[in-house]
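K.L.:
I'll drop the sequence and a predicted model, then ask my questions.
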Amino acid sequence: METPGNAACGKGAPSTSYSESEDFAGLQAEGGLKGTLRLEPLNSQEVSFRTIQAVQALFQRQSSETSEEQSFWYLDMMSDATVSRFLFAEKGDASKACKRLLATWKWRKKNQPWAVKCHLCISDHRTHDFRYLCHDQYSRPVLYLSFATFHNPESNLLMDHVIAQIEQCTALYLEGSGGGAGDGQASTFVWVADYTGFGLRHPGLNPRFPLSLAYTFQTHYPERLGAVLCVDAPSIFEGVWNVIQPALDAKTRSKIHFVRGAQGRSEMANELFGPARSNLAYWLVDHMNKVRQPDYRERFWQDPHEMPPAE
Ligand SMILES: [Zn+2]
């Protein structure tokens, strides 16, 4: 998570060509709010403890790691919560779940995502604006991305930043503060992607990035995604969406919602936080309103960085 800390760094936010008239109205018609956005976690598929144990034994045998080689992250792959998620994803098929666990473990050992950091943001914390905000009413971490406040829209290493944030959410569950650890469906997170300011220079416009992101999510983080809320996607996103959509499985596609306009943003925030946490809903709506003001973008990276009220 970035913690901007130097007012002297503020050179202003990137200029953008966003305007309300450029909103991708087609997306809203296809998957938009329609006043019925529902974000509650789906019901989990029942997975018996015996099936989980069978997958764990199979995984241990086939991964062939000695007890000395078994790292913390290896044991996390073997945990009831992780095995449950892979079993959910494979509709309870132990053999397929184990095969997928092994492939993901191979990927994790090679890439060590738990240690990935965004070096662009380490050298300049203003590079990307994609951060953990708070938990929603279902105890899921909420990640918020704002293209308008990217300081360097041309940066092409957003994937490292995204992976670091997802792993941070995973750490919240491992620490027991993510809510519902051990329940495959409850251990998800929500991603609010605010497309205000999205333009030709952003990495998300090249389909290669979102395709790679979709592949990584679907393959190595099954059942982690609770919902993706694309806010005010502009017309230039239509081409990207047309390329991404066929690459998404039906379950992932069903979790992507397009939100548009002030009323849509307000309904989304209320649905995320519910009446008991209306202060967080108010904060998010207010923050998104501010991000739409160029003079606020100029001030955004100055101290102190605006964060939601304490949970
Ligand atoms: Zn970054």
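P.N.:
Done, it's in.
K.L.:
and this protein, which residues reach the ion?
P.N.:
Cys118, Leu120, Cys121, Thr127, His128, His161 (Cβ under 5 Å from the ion). All C-beta atoms are positioned from the backbone trio N, CA, C, and that covers glycine.
K.L.:
quick one: which of the residues you listed is nearest Phe88?
P.N.:
Distance to Phe88, by Cβ to Cβ, is smallest for His161 among the residues of the chain next to the ion, at 27.2 Å.
K.L.:
Could you list the low-pLDDT ranges of the chain?
P.N.:
Within the chain, the set of residues satisfying pLDDT under 70 comprises 1-35, 42-45, 154-156, 174-186, 203-205, 303-306, 311.
K.L.:
show me where it has strands.
P.N.:
130-135, 141-146, 189-194, 225-231, 256-259 (DSSP state E).
K.L.:
which of the residues of the chain next to the ion tops the neighbour count?
P.N.:
Neighbour counts for the residues of the chain next to the ion (other Cβ atoms under 10 Å) peak at His128, which has 27 neighbours.
K.L.:
circling back: looking at the residues of the chain next to the ion, which are in helices?
P.N.:
Among the residues of the chain next to the ion, the members found in helices (DSSP state H) are Leu120, Cys121, His161.
K.L.:
Would you check that the last one makes contact with His119?
P.N.:
Same thing as His161. No. Applying Cβ atoms under 8 Å, one finds His161 not in contact with His119, separated by 9.5 Å.
K.L.:
What residue in the stretch 151-300 of the chain comes nearest to the ion?
P.N.:
His161 (3.4 Å; Cβ to the ion).
K.L.:
Report the contact partners of that residue.
P.N.:
By Cβ atoms under 8 Å, 6 or more residues apart in numbering, His161 lies in contact with Cys118, Leu120, Cys121, His128, Phe130.
K.L.:
Look up how far Met78 lies from Cys169.
P.N.:
20 Å (Cβ to Cβ, to the nearest Å).
K.L.:
Likewise for Cys118?
P.N.:
Distance, Cys118 to Met78, by Cβ to Cβ: 29 Å.
K.L.:
do Ile244 as well
P.N.:
33 Å.
K.L.:
quick one: contacts for the residue nearest in space to the middle of the chain?
P.N.:
Centroid-nearest residue in the chain, with Cα atoms, centre = their mean: Trp191, separated by 4.0 Å. Under the criterion of Cβ under 8 Å, 6+ apart, the neighbours of Trp191 are Val142, Leu143, Leu145, Leu225, Ala227, Val228, Leu229.
K.L.:
What residues sit buried inside stretch 163-173?
P.N.:
Ile163, Ala164, Gln165, Ile166, Glu167, Gln168, Cys169, Thr170, Leu172, Tyr173 (16 or more other Cβ atoms under 10 Å).
K.L.:
now, which of those residues sits nearest Ser235?
P.N.:
Looking across the buried residues of stretch 163-173 and measuring by Cβ to Cβ, the closest to Ser235 is Gln165, at 27.4 Å.
K.L.:
How about the contacts made by the spatially closest residue to that closest one that is not a sequence neighbour?
P.N.:
Using Cβ to Cβ, 6 or more residues apart in numbering and skipping the chain neighbours, the partner closest in space to Gln165 is Leu143 (5.6 Å). The contact partners of Leu143, by Cβ under 8 Å, 6+ apart, come to Phe130, Arg131, Tyr132, Leu133, Gln165, Cys169, Phe189, Val190, Trp191, Val192.
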